[in-house]
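Kindly return the folded structure for what I paste below:
(one chain, ligands or ions: 1)
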Amino acid sequence: MTLDIQDLTAGYGRKAILRNISVPAIEPGSFVGVIGPNAAGKSTLFKTIAGLIRPLAGEVRLGDRSLAHLSRRDRARAIAYMPQAYGCNALLTVFESVLLALKQTSGWRVREDNLTQVSATLASLRLSHLADRGISDLSGGQAQMVAVAQTLVRAPRMVLLDEPTSALDLHHQLSILGSIRSQMKARGTIVMAALHDLNLAAKFCDRLVLINQGRILADGRPEEVLGLDAIGETYRVTTTLETTRRGSFFVDATLDHHP
Ligand SMILES: Nc1ncnc2c1ncn2[C@@H]1O[C@H](COP(=O)(O)OP(=O)(O)OP(=O)(O)O)[C@@H](O)[C@H]1O
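Numbering: from 1, shown residues only. Below you'll find the predicted structure:
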């Protein structure tokens, strides 16, 4: 099922933050990076897709259905959202917290296959060793990876990840994004992730959407979007896109100094 964002205007109260945003035809299994500077509107877009903010105009369609017509429960089943601020002080183990996330949109009776699903999700993110740890005793990076596990454990049609790697070291950035990408491709789940690291965005995303001041400035393949002047203008830096001998590319940047 494809996701279509059509002429979306949304914000807080009557104040529009996103203005006429359209992101057409996001295919099942695709990994879309949402990039843009601080306060660009990335989280506001995710909150609107997740149903926490009601659009002032426009709509988001999953397949032939408008998300506005889904019940809260059906919407939560279809879309799993990991907000930027996560965390929980409850007296739960990591395993229990992921199980709780799985049961959030279904009945409370725990079946054998639910336990298998939790174990498989933790294993796929290489987090099995944390299963019995208390979730309030984790490091910042561990807590972030557990939040990703809580988001992926259900089998949603779409996953929204707001800066999923901001607390992770280089090894874990690559391992978590690699696992998310391969699992979600295998399941045909759409992933949208807000990413500040443009090199990670280039490496893992099929498509990048550049947002600034609530508007879309570019939407395309990473090598197209990252090569645009709009990147430098938006982030107020001078960028060069360099291609390595292995065929991958990365963005180098220096700060623009304006008086
Ligand atoms: N609850 C709120 N009420 C009013 N304004 C808000 C609220 N949350 C965010 N905003 C404003 O909306 C704008 C966009 O914020 P948003 O959190 O969507 O940006 P972002 O692109 O996710 O930024 P960052 O990269 O810093 O996380 C900002 O000007 C912000 O101050």
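
Residue 115: neighbour count?
Using other C-beta atoms under 10 Å, residue 115 has 13 neighbouring residues. Where C-beta positions appear, they are placed from N, C-alpha and C, glycine not excepted.

How about it, nearest residue that isn't a chain neighbour?
Spatially, and ignoring its direct neighbours in sequence, residue 115 is nearest to residue 99 (7.3 Å; C-beta to C-beta, 6 or more residues apart in numbering).

Correct me if wrong: that neighbour contacts residue 114.
Yes - in this structure residue 99 lies within contact range of residue 114 using C-beta atoms under 8 Å: 6.5 Å.

re the thing from before, state the helix or strand in which the residue nearest to residue 115 lies.
helix 94-103 (DSSP states H and E).

contact partners of that helix?
88, 90, 92, 110, 114-115, 117-119, 121-122, 127, 130-135, 138, 146, 149-151, 153-154 (C-beta atoms under 8 Å, 6 or more residues apart in numbering).

How about stretch 214-234?
Contacts for stretch 214-234 (C-beta under 8 Å, 6+ apart): 11, 16-23, 33, 35-37, 40-41, 44, 198, 201-202, 205-212, 238-239, 241, 249, 251, 253, 256.

Give me the buried subset of these.
11, 16-19, 21, 23, 33, 35-36, 40-41, 44, 198, 201-202, 205-212, 239, 241, 249, 251 (16 or more other C-beta atoms under 10 Å).

List the ones among those that fall in helices.
Members of the buried ones among the contacts of stretch 214-234 lying in helices (criterion: DSSP state H): 44, 198, 201-202.

The contacts of stretch 214-234: which ones sit near the ligand?
When contact is defined as C-beta under 6 Å from any ligand atom, the contacts of stretch 214-234 meet the ligand at 17, 36, 40-41, 44.

okay, those residues in a markdown table with pLDDT next?
As requested, those are exported to a markdown table (pLDDT from 0 to 100):
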| residue | pLDDT |
| --- | --- |
| 17 | 96 |
| 36 | 95 |
| 40 | 96 |
| 41 | 96 |
| 44 | 96 |
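
Phi and psi next, for the closest residue to residue 256 other than its chain neighbours.
With C-beta to C-beta, 6+ apart as the criterion, residue 256 has its nearest non-adjacent residue at 5.0 Å, and that residue is residue 236. Main-chain dihedrals, residue 236, degrees, to the nearest 10: phi 50, psi 50.

Give me the number of neighbouring residues for residue 236.
12.

now the strands: where do they sit in this structure?
3-12, 15-26, 31-35, 57-62, 65-66, 79-82, 158-162, 190-194, 207-212, 215-220, 237-243, 249-255 (DSSP state E).

Quick one: buried ones out of the contacts of helix 94-103?
Neighbour-count burial (16+ other C-beta under 10 Å) applied to those gives 117-118, 121-122, 127, 130-131, 135, 138, 146, 149-151, 153-154.

Out of those residues, which comes closest to the ligand?
residue 151 (17.0 Å; C-beta to the nearest ligand atom).

Brilliant, that's me finished.
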